[in-house]
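> here's my sequence, what's the structure:
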Amino acid sequence: MKSDLKLKLADILRPIEPFLAKVDDEIKKQLLAGIPVLDESAMHLFAGGGKKIRASLIILSSGLSAPPSDDVIELAAAAEIIHCASLIHDDIIDQSELRRGLPTVSRKWGSRIAVLAGDYMYTRALGVAVDERRRDIFPTLVAATSDMVKGELYQIEYSRPDRISKKHYFTIIELKTARFMAACMKLGAVKGGMTPAEAEVLYNAGLNLGFAFQIVDDTLDVMDDATLTGKDAGNDFMEGKITLPFLHLLESVTDTERAGLIRDAGNPDAENWKKVRARIMESGAVRYCLDTAGEYTARMMECLETLPPSEYKSIIVELSKFLVERNF
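Reported below is the predicted structural model:
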């Protein structure tokens, strides 16, 4: 992420910075085991920074009705650990080289260490969630974590460019991204003492934010380089992942052109990426993706309108705008 964007995000989250600092401390408390290779590999992605969006959503949602408690901080740390564990495992599957501007755990330590580090992180995070103080939220967190795994499997199943459709794409991002963000907002609401109806409103807000966030992320992969995204440029294409910009392009071309594009996507290399990217950029697909993300953002804002005004609600609104407007 650009340094000015980091500063903007930090400015938005400044009111909850003390709580996020406690989240950092809690992550270290949960992950540092005194085994050097485990400590280093499990903490590696956190050294790359990261936006702590999921932790922030939990803290902000809980703060809508009550000051965030230590219980909320522990839960926010668990959410960040689960998220990072999923990234480590994704990078193994995708054979990714770069994450958050750093070599991936699997590249630096090998797949065996990366698998075990990710597994360890999952167990530590779920160990936090299973505490008897959190029996009310444990099923929600487990379901969201399970959905991420289902989403990865679904993505593998429909990875071929001649097989995946927009319907498949939206199912994948709902399972891998949107439901976890939704769960974070619901968990924060529950721990903050909000009513079940209010918690459901925040779940739906988070779901729509998750869709918008992932669509923007996939669009940035087409538009930007590694200095902006923290990942390899064209990372999705090179890993054989078919995302919304490419799928929309396919709808705008002739059958002959479609066959050629599918052939290029089925043989991902630098030359084919250059050709496909040029077609995406001239097709209007980027505008379509941004408009679609905007529609999900509008739905999220409609959800939030049902809640009374507050400082934390305003921060959620500003954070959401930042996440879907970054780099444009």
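> wouldn't A42 be in contact with L31 here?
Yes. Contact criterion CB atoms under 8 Å: A42 and L31 qualify, at 4.6 Å. For the C-beta atoms, the positions are set from N, CA and C on the backbone; glycine is no exception.
> would you map the strands across the stretch 51-200 of the chain?
In the stretch 51-200 of the chain, the strands defined using DSSP state E, counting those that start in this stretch lie at 98-99, 102-103.
> ok so, going back, which one of A42 and L31 is surrounded by more residues?
Taking neighbours as other CB atoms under 10 Å, A42 and L31 compare with A42 leading, 28 against 21.
> export the strand or helix carrying the more buried one as CSV, just CAs?
Element membership for A42 (DSSP states H and E) is helix 36-47. The C-alpha trace of helix 36-47 is given here as CSV (Å, rounded to 0.1, in the frame of the first residue of the first chain):
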residue,chain,number,x,y,z
PRO,A,36,12.1,-20.0,16.9
VAL,A,37,11.0,-21.4,13.6
LEU,A,38,7.3,-21.3,14.7
ASP,A,39,7.5,-17.9,16.3
GLU,A,40,9.2,-16.4,13.2
SER,A,41,6.9,-18.1,10.6
ALA,A,42,3.7,-17.4,12.5
MET,A,43,4.5,-13.8,13.1
HIS,A,44,6.0,-13.2,9.6
LEU,A,45,2.9,-11.7,7.9
PHE,A,46,2.2,-9.4,10.9
ALA,A,47,5.7,-7.9,10.3
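> list the buried residues in it.
In terms of neighbour count (16 or more other CB atoms under 10 Å), helix 36-47 has its buried residues at L38, E40, S41, A42, M43, H44, L45, F46.
> okay, and for the chain, where does confidence drop off?
Within the chain, the ranges that satisfy pLDDT under 70 run 1-3, 224-233, 327-328.
> what is the burial count for T171?
Residues lying near T171 (other CB under 10 Å) number 16.
> quick check: buried residues in the stretch of helix or strand V276 belongs to?
Secondary structure from DSSP H and E places V276 in helix 270-283. Burial within helix 270-283, assessed by neighbour count using 16+ other CB under 10 Å, is assigned to N272, W273, V276, R277, R279, I280, S283.
> okay if I get those residues as TSV plus distance to V23?
Compiled in TSV, the buried residues of helix 270-283 are given as follows (distance: CB to CB, whole Å):
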residue	distance to V23
N272	41
W273	37
V276	39
R277	37
R279	42
I280	37
S283	41
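> just the residues you listed now: which is nearest S61?
Using CB to CB, I280 is the member of the buried residues of helix 270-283 that sits closest to S61, with 35.5 Å.
> could you pull out the helices in the stretch 1-150 of the chain for me?
Listed in chain order, the helices of the stretch 1-150 of the chain (DSSP state H, counting those that start in this stretch) span residues 3-12, 17-31, 36-47, 53-62, 70-94, 105-109, 111-129, 138-157.
> tell me who's in contact with A143.
Shown in contact with A143 (CB atoms under 8 Å, 6 or more residues apart in numbering): R179, A183.
> so which strand or helix has the closest residue to T243 other than its chain neighbours?
Excluding its sequence neighbours, the residue lying closest to T243 (CB to CB, 6 or more residues apart in numbering) is D218, at 3.9 Å. Following DSSP H and E, one finds D218 within helix 196-223.
> how far out from the middle of the chain is that helix?
9 Å (CA atoms, centre = their mean, to the nearest Å).
> same check on stretch 175-195?
Stretch 175-195 has its C-alpha centroid displaced from the chain centroid by 14 Å (CA atoms, centre = their mean).
> buried residues, that stretch. List them.
Quick answer for stretch 175-195 (16+ other CB under 10 Å): 175-192, 194.
> CA atoms only: put that stretch into PDB for me.
Extracted C-alpha coordinates of stretch 175-195, given in PDB (Å, rounded to 0.1, in the frame of the first residue of the first chain):
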ATOM      1  CA  LEU A 175     -17.400 -17.600   1.200                       C
ATOM      2  CA  LYS A 176     -13.800 -16.500   1.300                       C
ATOM      3  CA  THR A 177     -14.100 -12.800   2.200                       C
ATOM      4  CA  ALA A 178     -17.600 -11.400   2.700                       C
ATOM      5  CA  ARG A 179     -18.900 -13.900   5.300                       C
ATOM      6  CA  PHE A 180     -15.900 -13.400   7.500                       C
ATOM      7  CA  MET A 181     -16.200  -9.600   7.500                       C
ATOM      8  CA  ALA A 182     -19.900 -10.000   8.200                       C
ATOM      9  CA  ALA A 183     -19.100 -12.300  11.100                       C
ATOM     10  CA  CYS A 184     -16.600  -9.800  12.500                       C
ATOM     11  CA  MET A 185     -19.200  -7.100  12.600                       C
ATOM     12  CA  LYS A 186     -21.800  -9.400  14.100                       C
ATOM     13  CA  LEU A 187     -19.300 -10.600  16.800                       C
ATOM     14  CA  GLY A 188     -18.500  -7.100  17.800                       C
ATOM     15  CA  ALA A 189     -22.200  -6.200  18.000                       C
ATOM     16  CA  VAL A 190     -22.900  -9.200  20.200                       C
ATOM     17  CA  LYS A 191     -20.000  -8.600  22.500                       C
ATOM     18  CA  GLY A 192     -21.000  -4.900  22.800                       C
ATOM     19  CA  GLY A 193     -24.400  -5.900  24.000                       C
ATOM     20  CA  MET A 194     -26.500  -5.000  21.000                       C
ATOM     21  CA  THR A 195     -29.800  -6.700  20.300                       C
END
